[in-house]
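Visitor: what follows is a predicted protein model with its sequence.
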Amino acid sequence: MDRPYTVGQYLVDRLSQLGLGHLFSIAGDYTISWVNRYVTPSEIEIVEEVNELNAGYAADGYARLKGIGALCVTYSAGALCAVNAIAGAYVEKVPLVLINGTPDIKKTIAFQQTGFSAHHFISGSETDLQAFEHLTAAAVRVDNPDLAPVLIDYALLQCITERQPVYIELLQDMVDLTCEPPRGTLKPARAMSDPASLEQSIAKIAERLREASNPLIWVGVEVDRFGLHEQALNLIRQLNVPFVTELLSKAILPEEDALFAGVFDGQASSPAVKELAKASDFVLALGVWLTDINTLGWDIDFDKTAFVSLDAVKYGTYFSPQVALEHLMDGLLEQRIARRSPARPQIPADAVAAVPAAYEEITYQGFYDAIPQYIDENTILGSDSSLNYFGSLLLKAPVVRGFVAQSSYSAIGYIAAAATGICLARDNNQRVMVFSGDGGFQMTAQCLSTQTRFGLNPIIFVLNNGVYGVEQWLADASVFSTDKPFYKSCVLHPWNYSKLADVFGCQGFKVSTYGELDLAMKDALANDNSPAVIEVVVAGKSIPSNAAWKTN
């Protein structure tokens, strides 16, 4: 006799259809039946995480490469620990599915009517749902098996269309109830544009591209989130103009391309990129989000910059709503624009910094001067919200879509935990190398446990300067160039980071000279089956060179 088709199976099948290969999960009695009976026999591998925050960051890193990620937690005590990870994914348009195992209907009614509480209850059936409806593109409660297919499909469609997290409450007693099996496959809803707004915007931008002597394309993160890489690259090559990215969109197009000029990140940009931005008389910003991290002390000239993002075109005083980025790029491609003046500034060749002598003590800038020699064509890079943003944005990323940073939401501690998901989503021949501050690493250091358990081999650099350096830099950067003391709140309790390897069973190194760094890197790169944490000791007031502009 055929096994009845159930709600629990429906959710697994839909996630598999969307390409999910791993589910990050924390054991909980409200979820354990679904995980054990439905996910375990499926093709989705369960990644047992150490806490919900790390699970959320890992799922986020996974989704940035795979196109969808998911985590499964238990009600309130688990789900509310994942709030920060879901918030970051919501801000940065990362498609995550949060599955929250929830007490059954009987427990809920008993609590509401008598006050008899099941564990993890706060205020009945609405607490978690209300918390996450503000941080997701859809929040649904599956409390009826006949409605389960509709609710699950709606949430997942919102996830892949809006490229944002969604929240699914899966009640404990719904899992084994019967429902209709899936019909067809789920595909993102089509982008919508107002025809008049689109036509007018294409004409206006095309005119400026024809007139401009030194145009520049600024490629933003929406190009990546909505899968518009090919259209963007075709447009850049058709126009034959240089392009830059933002930190959040670094490496979404090939950095080896002859027209790539570098990452534009305000005053932290390379001198060549800053000069290019100044000299340009028209900047077309495709999918760029303006944030204080993306502009960093740079006054954007809105009279020469046309922003096509958030379903609108904004150029000086011109504003045109309901214009989809993909439709505008297609329209510009159809124009086959031949500019009157094709001349553009020459982009200087990348300079290779001299590596200091082996016996010299490592500085923040010296570390980033030394790192390129260890990066090959298969290296995926990532940076945490820290002073590492500055050093890493100037590194050449060899892998397309091979740089990860949560630079808009900027949650300290993100990247080391996200490396778990990145490792599981990468190609087999790729190696993950991420840069964390010591303060951030203290927040999510248990990621080493999961990575060791599953034989993952990221190389995690912990830049140990003893302080929350980026927080001090943001509040008062003059400390780094004077005798002024660090704010007490920015000073960290010291950890022996390399010794964590003894706790978690992985590799650990502590380096303070370039010779020690070289030896550690040779061992770390030779290791295939566990993470390596490399504690890089730098002086407290050592900072990357492109962060020094704010210190005076």
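Guide: That came through, no problem.
Visitor: tally of neighbours for K499?
Guide: 12 (other Cβ atoms under 10 Å). C-betas here are computed from N, CA, C, even on glycine.
Visitor: how close does it get to C506?
Guide: Distance from K499 to C506, counting by Cβ to Cβ, to the nearest Å: 11 Å.
Visitor: repeat that for P271.
Guide: Counting by Cβ to Cβ, the gap from P271 to C506 is 39 Å.
Visitor: neighbour count winner among those two?
Guide: C506 (23 against 10).
Visitor: residues contacting the residue nearest to the more buried one when sequence neighbours are not counted?
Guide: Spatial nearest neighbour of C506, chain neighbours left out: S530 (4.2 Å); criterion: Cβ to Cβ, 6 or more residues apart in numbering. S530 is in contact with Q451, T452, G455, L456, N457, G505, C506, Q507, counting by Cβ atoms under 8 Å, 6 or more residues apart in numbering.
Visitor: residue ranges in the stretch 301-450 of the chain under the pLDDT threshold?
Guide: Residues of the stretch 301-450 of the chain meeting the criterion pLDDT under 70: 339-352.
Visitor: which stretches of it form strands?
Guide: 305-309, 312-315, 318-321, 379-383, 403-405, 431-437 (DSSP state E, counting those that start in this stretch).
Visitor: mean neighbour count added to the ones you listed, as CSV?
Guide: Below are the strands of the stretch 301-450 of the chain laid out as CSV (neighbours: other Cβ atoms under 10 Å):
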stretch, mean neighbour count
strand 305-309, 22
strand 312-315, 20
strand 318-321, 14
strand 379-383, 25
strand 403-405, 27
strand 431-437, 27
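Visitor: so which of those strands gets nearest A59?
Guide: strand 403-405 (13.0 Å; Cβ to Cβ).
Visitor: using the three-state scheme, assign G508.
Guide: strand (DSSP: H, G, I helix; E, B strand; the rest coil).
Visitor: strands of the stretch 151-300 of the chain, start to end?
Guide: 166-171, 215-219, 243-245, 260-263, 282-286.
Visitor: coming back round to it: how about the strands of the stretch 301-450 of the chain in JSON lines, adding distance to L474?
Guide: Below are these laid out as JSON lines (distance: least, Cβ to Cβ, whole Å):
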{"stretch": "strand 305-309", "distance to L474": "25"}
{"stretch": "strand 312-315", "distance to L474": "27"}
{"stretch": "strand 318-321", "distance to L474": "31"}
{"stretch": "strand 379-383", "distance to L474": "16"}
{"stretch": "strand 403-405", "distance to L474": "16"}
{"stretch": "strand 431-437", "distance to L474": "13"}
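Visitor: find the nearest non-adjacent residue to Y38, please.
Guide: G8 is the one closest to Y38 (Cβ to Cβ, 6+ apart), at 4.2 Å.
Visitor: and that neighbour, helix, strand or coil?
Guide: Per three-state DSSP, G8 ends up helix.
Visitor: D194: which of the strands of the stretch 301-450 of the chain is closest?
Guide: strand 318-321 (7.3 Å).
Visitor: that closest one packs against which elements?
Guide: Judged by 3 or more Cβ pairs under 8 Å, 6 or more residues apart in numbering; DSSP states H and E, the packing partners of strand 318-321 are helix 195-211, strand 312-315.
Visitor: could I get it in PDB with only the CA atoms?
Guide: The C-alpha trace of strand 318-321 is given here as PDB (Å, rounded to 0.1, in the frame of the first residue of the first chain):
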ATOM      1  CA  TYR A 318      14.300  63.000 -12.200                       C
ATOM      2  CA  PHE A 319      12.400  60.100 -10.500                       C
ATOM      3  CA  SER A 320      10.600  57.300 -12.300                       C
ATOM      4  CA  PRO A 321       9.000  54.500 -10.300                       C
END
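Visitor: give me the sheet partners of that strand and which way each runs.
Guide: Strand pairing for strand 318-321, using DSSP bridges, gives strand 312-315 (antiparallel).
Visitor: which other residues reach the partner strand?
Guide: 197, 201, 204-205, 208, 302, 305-307, 319-323, 328.
Visitor: hmm, try it at 10 Å
Guide: For strand 312-315, the external contacting residues (Cβ atoms under 10 Å, 6 or more residues apart in numbering) are 197-198, 200-202, 204-205, 208, 282-285, 290, 302-308, 319-325, 328.
Visitor: do you know the pLDDT at P103?
Guide: At P103, the pLDDT value in this model is 86.
Visitor: chain neighbours aside, what residue packs nearest to it?
Guide: Nearest residue to P103 in three dimensions, chain neighbours excluded: A118, at 4.9 Å (Cβ to Cβ, 6+ apart).
Visitor: tell me how many other residues crowd that neighbour.
Guide: By other Cβ under 10 Å, neighbour count at A118 equals 15.
Visitor: surely it touches Q112?
Guide: No. If you go by Cβ atoms under 10 Å, A118 and Q112 don't touch, sitting 11.2 Å apart.
Visitor: elements contacting the strand or helix carrying T452?
Guide: Assigned by DSSP states H and E, T452 falls within helix 447-453. Where contact means 3 or more Cβ pairs under 10 Å, 6 or more residues apart in numbering; DSSP states H and E, helix 447-453 is packed against strand 45-48, helix 52-66, helix 414-425, strand 459-464, helix 500-504, strand 507-511, strand 532-537.
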